[in-house]
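> predicted model follows, preceded by the sequence.
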Amino acid sequence: MMKTLVLTLLLIGGAFAFRTQSTGVKGRLMCGSKPAAGVNLKLFDEDNGPDPDDVLDQKTTDDDGNFLLSGSSMELTPIDPELRIFHDCNDQGSPCQREWVIRIPAKYITNGPEVKEIMDLGVLNLEIELDNESRSCAH
């Protein structure tokens, strides 16, 4: 009887340890002097270990290159949000897209399902080449 009570209390306590956390990011993408329309974007909670990354939101940029992504996840530990940008700007005809990964600082993580402060990346020119850039043929 006592073992059952202790086990039940541990399970209930563990369930309450998980908390909903949310984040968001916005900005505008350009390819040189032209808006980068239709660029694929994904907002992830990067998870290490056997737990797969959680997709919090995914969209494409509008005709002017603007985007706004936000989402939430229930996690035991703080989420590690990152924006992944998949694009063909300045790719010299490569069949695979360039992939940028931008980590979202912890100050833009909100406890709860509603984002309180959205990270504003401003205007980014996708022509530049990043040292940590990779190629993605399937995303």
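Good, I have the coordinates. Numbers count the residues shown, from 1 in each chain.
> which strand of this protein spans the most residues?
strand 19-31 (DSSP state E).
> dump the residue contacts of residue 111.
19, 20, 21 (Cβ atoms under 8 Å, 6 or more residues apart in numbering). For the C-beta atoms, the positions are set from N, CA and C on the backbone; glycine is no exception.
> what about the nearest residue to residue 105 once chain neighbours are set aside, how many neighbours?
Residue nearest to residue 105 in three dimensions, not counting chain neighbours: residue 119, with 7.1 Å by Cβ to Cβ, 6 or more residues apart in numbering. Residues near residue 119, counting by other Cβ atoms under 10 Å, number 20.
> wait, isn't residue 119 in contact with residue 26?
Yes - counting by Cβ atoms under 8 Å, residue 119 touches residue 26, with 7.4 Å between them.
> where does the prediction get shaky in the chain?
1-17, 48-52, 131-133, 138-139 (pLDDT under 70).
> go ahead and flag the most central residue of it.
residue 43 (2.3 Å; Cα atoms, centre = their mean).
> quick one on the thing from earlier: Produce a PyMOL select command limited to the buried residues of the contacts of residue 111.
Buried subset of the contacts of residue 111, written as a PyMOL selection, criterion 16 or more other Cβ atoms under 10 Å:
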select buried, resi 21
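> out of the contacts of residue 111, which comes closest to residue 110?
Here the nearest of those to residue 110, counting by Cβ to Cβ, is residue 21; it sits at 6.8 Å.
> tell me the secondary structure for the nearest residue to that closest one once chain neighbours are set aside?
Using Cβ to Cβ, 6+ apart and skipping residues adjacent in sequence, the residue nearest residue 21 is residue 79, 4.7 Å away. Here residue 79 takes the coil state, with states given by DSSP: H, G, I helix; E, B strand; the rest coil.
> neighbouring strands - and their directions - for the next helix or strand along the chain from the longest strand of the chain?
Next along the chain after strand 19-31, taking DSSP states H and E as the criterion, comes strand 34-35. Neighbouring strands of strand 34-35 in its sheet, by DSSP bridges, are strand 19-31 (antiparallel).
> buried set for the strand it pairs with?
21, 22, 23, 24, 25, 27, 28, 29, 30, 31.
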